[in-house]
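Undergrad: Kindly generate the corresponding structure for this input.
(chains A and B, ligands or ions: 5)
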Amino acid sequence: MSTSNGAVLSVEGLKKHFPVSRSLLGRTRQYLKAVDGVSFEIEPGMTYGLVGESGCGKTTTAKLILLLEEPTGGRILFGGEPVSGLKSDGLREYKASVQAVFQDPWASLNPRMRVRNIIGEPLEINTSLTKGEVRSRVAGLLEEVGLAPYQADLFPHEFSGGQRQRIGVARALALNPKLVILDEPVSALDVSIRAQIMNLLKDLQAEHNLSYLLIAHHLATVRHMCDRVGVMYLGRIVEEADTEELYENPLHPYTRALMSAALPSHPDIQRDEIILTGEVPSPLDTPPGCHFHPRCPARFDPCDSVEPVKTEPSSGHRVVCHLYGGA
Amino acid sequence: MPDANGRGDVVLDVEDLRAYFFTRWGVVKAVDGVSFQLRRGETLGIVGESGSGKSVTSLSMMRLVPSPPGQIVGGRVMLDGEDVLRYSEGQMEKIRGAKIAMVLQDPMTALNPVFNIDSQVGEALRIHKRLSGSALKSQVVDMLRKVRIPAPEARVRDYPHQFSGGMRQRVVGAIGISCDPVVLIADEPTTSLDATVQAQYLRLLKDLQDETGVAIIFITHDFGIVAKMCDRVAVMYAGRIVEQGDVRQIFNNPSHPYTEALINSVPRMEERNDRLYSIPGQPPPLWDLPGGCSFAPRCEYAHERCVEYPPVYELAGGQTSACWLRSG
Ligand SMILES: Nc1ncnc2c1ncn2[C@@H]1O[C@H](COP(=O)(O)OP(=O)(O)OP(=O)(O)O)[C@@H](O)[C@H]1O
Ligand SMILES: Nc1ncnc2c1ncn2[C@@H]1O[C@H](COP(=O)(O)OP(=O)(O)OP(=O)(O)O)[C@@H](O)[C@H]1O
Ligand code: SF4
Ligand SMILES: [Mg+2]
Ligand SMILES: [Mg+2]
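TA: Ligands and ions are numbered 1, 2, ... in the order given. As a prediction, the model looks like this:
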């Protein structure tokens, strides 16, 4: 899965540096390196997970892919073609093929619109379907996400959180996308409803051969949903592997610390928690050498001065850390 | 006096607590006959779906149920042997934030951005311990030192935005324990905190508990927090506790179908499970509860007897269950 090249979407060296002005420093322009050279591939029908500390650049990566932000560097390839080179038709097709579902089912739906229009809007803008065709497509989508067609006439506030997230999923599916970006899609929901939505997402994936990019903090959810996972730290992917390999055999000291901190599923499971000392450095002021070295329990000689490079200790398992050679 | 099992004294004894909201839809029985005990140094988890009455239970103990439309309509909340439901508002103000205090997990919303750390940590001390001047200042610095803020003397005048997320969280912990609470309530909304930040926060609470013996109530959706932190668990459904027990009893032998269903619907960190159990349907509206067991419409084991509300059965080892399946 990690070697094939039929990726739906790949990003290569993607960067987003936000200019920030610091009044105290006068005119010197500073850059916040939110995404700083991220590369990964998403295969058809597969789920790629992005995990990492708050502020490490996950949502910004998603926004770059959704063309909501302009990259500072690197490129996005869709079916092998650079998205930056797409002209009107191609661009429209790209935008239809890449959809998103966000965390907050309360904030992401327009409260003044009926569900029929929320789901139908992308169809009206992007297709030449007739009113009647849109109507029946909306009814079909509602059924697909486990809602009833009559609910098309209701407003978002007439639904529970889990139902609203289903509406968000239905809207994302309206244009038959190839890739759906899921940014914390279940974290605002109840445990029982989370399970329903996760099962729904898996069923829809199997049925339509969808690819997902899943962003989540909850590591158990990621293990359950993803085929391959990238671990981000300060704007970069520091480790990447197929899910089972990553969870069974984490290599990077940051991944190990992250996994050790995850909550157990049973009181008898006692993990030796790796406690990270020091504060998360600011992406405005990234440390030299390995970005993680000020907090790394395993740091050694080269770490504070030499940037580690990506190595592949076993097939498909990539890591950026001096412990695994390279340099 | 620790009991035969080495457990501390009962510091909180909630008995048949009822808190209702009188709304235009009808009477919302948000908390309807809740009973539990908490011992010194013990941690209780209260779990259950959204709207099951967890927060209203904690607001009732703090006497903060918004009224109208809410009202505590019955029961007792014995804190250190005294029923706080019988306190005057004046008496209540003396213990709220002191003997019984609350902490919020999210460090971004828990602190007020326009006041400095000094005044926020000092507020409870000023009110409850009547400290002022240099005595207050030195107590604030002590609290910050206790939660391991480096160079506390220098940092007290800073504002929250000058602190990192982790440090803010520790400040929140300092405020929570500043007046030596007997009971600390941690009400957790569903959030998407980092695993590492959350682990830090949980470790902080554990350390503070080890140092002070404070009893903690975790109000949460997250069975991971329960597994990691709690000694005992109370599972709430539609305003009532449907099961209570030691944390291992709850995980190994859940006695109520709702508990079992909740645990099975959580993905596990340690292994991949291909499909999650999902509880059909939704919790019932609290102003229009079905007669009988409120979980019956969603329960896989529902049978004829469930049209009547089950009594609370006492099982071995102190576990309790409000389900007809345990009748004998
Ligand atoms: N428009 C912007 N201007 C300046 N900085 C920004 C902007 N958007 C994001 N950032 C910064 O970029 C960094 C990455 O943010 P991002 O939202 O991608 O993080 P994230 O990994 O999604 O975090 P979380 O897990 O908290 O959602 C953060 O430091 C953030 O403050
Ligand atoms: N001010 C209020 N007026 C009317 N009803 C209320 C009020 N506050 C709470 N309720 C109702 O009381 C019930 C219990 O709410 P509570 O906040 O205790 O739930 P919870 O278990 O804490 O849920 P969550 O996990 O979402 O925080 C809910 O049905 C809620 O709608
Ligand atoms: S390169 Fe060094 S500092 Fe960075 S993670 Fe590896 S061991 Fe730690
Ligand atoms: Mg984000
Ligand atoms: Mg609540």
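Undergrad: what packs against whichever strand or helix holds B:V172?
TA: Assigned by DSSP states H and E, B:V172 belongs to helix B:165-177. On a contact count with 3 or more CB pairs under 8 Å, 6 or more residues apart in numbering or on different chains; DSSP states H and E, helix B:165-177 meets strand B:100-103, helix B:107-110, helix B:117-128, helix B:133-146, helix B:195-212. To be clear about C-beta, it is placed using only N, CA and C from the backbone, and glycine gets the same treatment.
Undergrad: and the next helix or strand along the chain from that helix, which strands flank it?
TA: Toward the C-terminus, helix B:165-177 is succeeded by strand B:183-187 as the next helix or strand (DSSP H and E). Using DSSP bridges, strand B:183-187 pairs in its sheet with strand B:100-103 (parallel), strand B:215-220 (parallel).
Undergrad: Name the residues of strand B:183-187 that are buried.
TA: Buried residues in strand B:183-187, counted by 16 or more other CB atoms under 10 Å in any protein chain shown: B:183-187.
Undergrad: Give me the number of neighbouring residues for residue 68.
TA: Assuming you mean chain A. Residues within reach of A:L68, counting by other CB atoms under 10 Å in any protein chain shown, total 11.
Undergrad: not what I meant, chain B
TA: Using other CB under 10 Å, B:P68 has 8 other residues around it.
Undergrad: List the contacts of it.
TA: Residues near B:P68 by CB atoms under 8 Å, 6 or more residues apart in numbering or on different chains: B:F22.
Undergrad: Show the backbone phi and psi for it.
TA: Dihedral pair for B:P68: phi -70, psi 170, per degrees, to the nearest 10.
Undergrad: I'd like to know how far it sits from chain A.
TA: Separation of B:P68 from chain A (CB to the nearest CB, to the nearest Å): 23 Å.
Undergrad: Would you format the strands paired with strand B:183-187 as TSV with mean neighbour count, mean pLDDT and distance to B:V114 included?
TA: Below are the strands paired with strand B:183-187 laid out as TSV (neighbours: other CB atoms under 10 Å in any protein chain shown; pLDDT from 0 to 100; distance: least, CB to CB, whole Å):
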stretch	mean neighbour count	mean pLDDT	distance to B:V114
strand B:100-103	24	89	20
strand B:215-220	24	93	28
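Undergrad: Dump those strands into CSV; add distance to A:V145 as well.
TA: Shown next, in CSV, are the strands paired with strand B:183-187 (distance: least, CB to CB, whole Å):
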stretch, distance to A:V145
strand B:100-103, 38
strand B:215-220, 28
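Undergrad: How about residue 253: what's its closest non-neighbour residue?
TA: Reading this off chain A. Once flanking residues are discounted, A:P253 sits nearest to A:A298: 4.5 Å by CB to CB, 6 or more residues apart in numbering or on different chains.
Undergrad: um, chain B though
TA: Distance criterion CB to CB, 6+ apart; nearest residue to B:N253, sequence neighbours excluded, is B:Q319 at 7.6 Å.
Undergrad: show me the contacts for that neighbour.
TA: Neighbouring residues of B:Q319 by CB under 8 Å, 6+ apart: B:243-246, B:249-250, B:253, B:255.
Undergrad: okay, these in CSV with pLDDT, distance to ligand 3 and secondary structure next?
TA: Output for these, formatted as CSV (pLDDT from 0 to 100; distance: CB to the nearest ligand atom, whole Å; DSSP: H, G, I helix; E, B strand; the rest coil):
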residue, pLDDT, distance to ligand 3, secondary structure
B:E243, 97, 44, strand
B:Q244, 97, 45, strand
B:G245, 97, 42, strand
B:D246, 96, 40, strand
B:Q249, 95, 41, helix
B:I250, 96, 38, helix
B:N253, 94, 42, coil
B:S255, 95, 46, coil
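Undergrad: Show the buried residues in the residues you listed.
TA: Buried among these by 16+ other CB under 10 Å: B:243-246, B:249-250, B:255.
Undergrad: Let's have the residues you listed in CSV, adding distance to chain A.
TA: Below are these laid out as CSV (distance: CB to the nearest CB, whole Å):
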residue, distance to chain A
B:E243, 15
B:Q244, 15
B:G245, 12
B:D246, 9
B:Q249, 10
B:I250, 9
B:S255, 16
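Undergrad: Quick check: residues of the stretch 51-200 of chain B near ligand 2?
TA: By the rule CB under 6 Å from any ligand atom, the part of the stretch 51-200 of chain B lying against ligand 2 is B:51-56, B:66, B:69-70.
Undergrad: does any bit of the helix holding B:V172 sit next to ligand 1?
TA: No - contact of helix B:165-177 with ligand 1 (CB under 6 Å from any ligand atom) is absent, the minimum separation being 9.8 Å.
Undergrad: For that helix, the averaged confidence score.
TA: Here helix B:165-177 scores 80 as its mean pLDDT.
Undergrad: same question, stretch A:44-54
TA: 94.
Undergrad: That one: which residues count as buried?
TA: For stretch A:44-54, the neighbour count (16+ other CB under 10 Å) marks A:46-53 as buried.
Undergrad: which residues touch it?
TA: By CB under 8 Å, 6+ apart, the list of residues contacting stretch A:44-54 from outside reads A:1, A:6-8, A:40-42, A:58, A:61, A:178, A:205, A:209-217, A:219, A:222, A:225-233, A:243, A:258, A:280, B:165, B:193-194, B:196-197.
Undergrad: now with 7 Å?
TA: Outside of stretch A:44-54, the residues that reach it under the criterion CB atoms under 7 Å, 6 or more residues apart in numbering or on different chains are A:1, A:6, A:8, A:40, A:42, A:58, A:61, A:205, A:209-216, A:219, A:222, A:225-233, A:280, B:194, B:196.
Undergrad: Which of those fall in helices?
TA: Among those, DSSP state H puts A:58, A:61, A:205, A:219, A:222, A:225, B:196 in helices.
Undergrad: ok, which pair from those residues is furthest apart?
TA: Spanning the widest gap among the ones in helices among the contacts of stretch A:44-54 are A:Q205 and B:T196, at 29.5 Å by CB to CB.
Undergrad: Compare these two and say which is more crowded by neighbours.
TA: B:T196 (25 against 17).
Undergrad: contacting residues around the residue of the stretch 151-300 of chain A found nearest ligand 2?
TA: Nearest residue of the stretch 151-300 of chain A to ligand 2: A:D190, at 7.2 Å (CB to the nearest ligand atom). Shown in contact with A:D190 (CB under 7 Å, 6+ apart): B:49-50, B:221.
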